[in-house]
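1. Need the 3D shape of this:
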Amino acid sequence: MSRHPCLAVALLVLLPAAAMAQIGPPPSPTQTRPVVVTQPTPTPLPTPVRPAPVDSLSGQMAPVKSDSQVQQQLRTHPIQAQGDGPAQPIQGPTLQPKVYDRHGRIIPGAKQVGPNRVLDTRTGRYYDAIPSGNGQQIKP
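-> Presented below is the predicted three-dimensional model:
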């Protein structure tokens, strides 16, 4: 009697292995579809090397300046702006005022969307607010 359960277990183990041996390797993906080979793109030509600057009066090569010489020249002869008006200072990003909840705690991610209106981006709800210190506080 103990022989039949062992035989059944052996058949169950060997059956998938025998089935896999019959299947064989998978077919090539290009066996059923046409293959399109793209043409290689031509490599760009190298850019020509420019000759060193020549002093126009003497016809000789101009000396190469080091960084310290350039910095010294800039300190003694600053570059003059040539434009329509004075140079405009670079403006940094404007900071959104802080938004506080009814209990005075900062709400992360909340934005002021108008005068006395606040959007809580986490919930997507709009609230009425009142000015409070350096930001807005949601009305109780």
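2. how close does the residue nearest the centre of the chain get to Pro34?
-> For the chain, Pro93 is the residue whose C-alpha lies nearest the centre (CA atoms, centre = their mean; 19.1 Å). As judged by CB to CB, to the nearest Å, Pro93 and Pro34 stand 54 Å apart. (C-beta placed from N, C-alpha, C; glycine too.)
3. could you dump stretch 14-32 to CSV, C-alpha only?
-> Extracted C-alpha coordinates of stretch 14-32, given in CSV (Å, rounded to 0.1, in the frame of the first residue of the first chain):
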residue,chain,number,x,y,z
LEU,A,14,8.3,14.3,-13.2
LEU,A,15,5.2,15.4,-15.2
PRO,A,16,6.1,19.2,-15.4
ALA,A,17,9.8,18.3,-16.2
ALA,A,18,8.6,16.0,-19.1
ALA,A,19,6.2,18.7,-20.4
MET,A,20,9.0,21.4,-20.4
ALA,A,21,11.3,19.1,-22.4
GLN,A,22,8.6,18.8,-25.1
ILE,A,23,8.1,22.5,-25.5
GLY,A,24,11.5,23.5,-26.7
PRO,A,25,13.1,27.0,-26.9
PRO,A,26,10.9,30.0,-27.6
PRO,A,27,10.8,31.3,-31.2
SER,A,28,12.7,34.3,-32.3
PRO,A,29,10.7,37.6,-32.1
THR,A,30,11.7,38.5,-35.6
GLN,A,31,10.7,35.1,-37.1
THR,A,32,7.1,36.3,-37.7
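4. related to what we said a few turns ago, report pLDDT for the residue nearest to the centre of the chain.
-> Looking at Pro93, its pLDDT reads 75.
5. which SS class is Leu14?
-> Classification of Leu14 using DSSP: H, G, I helix; E, B strand; the rest coil returns helix.
6. Tell me the pLDDT of it.
-> You'll see Leu14 listed with a pLDDT of 83.
7. got the contact list for Tyr100?
-> Ile106, Ile107, Ser132, Gly135, Gln136, Gln137, Ile138 (CB atoms under 8 Å, 6 or more residues apart in numbering).
8. same deal with Arg122?
-> By CB under 8 Å, 6+ apart, the residues touching Arg122 are Pro108, Gly109, Ala110.
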